[in-house]
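> A structural model of the following input is requested.
(2 chains)
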Amino acid sequence: QKEVEQNSGPLSVPEGAIASLNCTYSDRGSQSFFWYRQYSGKSPELIMSIYSNGDKEDGRFTAQLNKASQYVSLLIRDSQPSDSATYLCAVRYSFNKFYFGSGTKLNVKP
Amino acid sequence: DVKVTQSSRYLVKRTGEKVFLECVQDMDHENMFWYRQDPGLGLRLIYFSYDVKMKEKGDIPEGYSVSREKKERFSLILESASTNQTSMYLCASNGQGNTDTQYFGPGTRLTVL
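You can find the predicted model right below:
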């Protein structure tokens, strides 16, 4: 069984602060990594994907990948109340199988 | 934009009933997936399909079957619904590329009484 671990939270940050979300995975054969945002009662929507070591930035979001440490993170700069949601880390293994963490709930307080 | 649709947003069924959940995608994706999502357990893969009439078991296939007769449509079947199958069911699809992410449908909240 592939493991994808996330802290369930809730993670509370004030509006305008940086939110840092973390994820570890168990299999070194992992190929691709994704962050999804899920609002309550809704389906997951893709925020970021990352495939190689280092940082990838998209607007207020930065994904960081360290394959040696089997660690992927998501930074949200200038957090807004609308960012309040559950963030799911997903890892793609061989033959198109994805494993998801149970998610970190983020609360951004105005 | 990728569009994945599911036949129902909410469904209430009785124990022992046969339940059909349908998913349709409009992006000509080869791969389609069925997950269930439960609090604290995250998303768990039930079945996936990589081509018409092809299917692979996921991590929790017991009590479920699937059908893929057309490329755009993937159905999940609960042969005899039980209360422990009360859950959010999510369909997803993606292409064959190594970097192809999954796109999710809106989900079906199934309650089995």
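> Report the distance from stretch B:69-76 to the chain centre.
10 Å (C-alpha atoms, centre = their mean, to the nearest Å).
> Is it positioned near chain A?
No: figure legend: stretch B:69-76 not in contact with chain A (C-beta under 8 Å from any C-beta of the partner chain); closest approach 14.1 Å. Glycine gets a C-beta too; all of them are placed from N, C-alpha and C.
> End to end on that stretch, go ahead and measure it.
12 Å (C-alpha to C-alpha, to the nearest Å).
> I'd like the average pLDDT over it.
If you average the pLDDT over stretch B:69-76, you get 96.
> Mind listing what's buried along it?
Neighbour-count burial for stretch B:69-76, counted by 16 or more other C-beta atoms under 10 Å in any protein chain shown, picks out B:72, B:74-76.
> where in chain A is pLDDT low?
Low-confidence segments of chain A (pLDDT under 70): A:1, A:95.
> all helices for it, in order.
In chain A, no segments count as helices under DSSP state H.
> show me the contacts for the residue of it found nearest chain B.
Proximity of chain A to chain B (C-beta to the nearest C-beta) peaks at A:S102, 3.7 Å away. By C-beta atoms under 8 Å, 6 or more residues apart in numbering or on different chains, the residues touching A:S102 are A:6, A:8, B:40-42.
> Now flag whichever of those is closest to B:T86.
B:L41 (13.0 Å; C-beta to C-beta).
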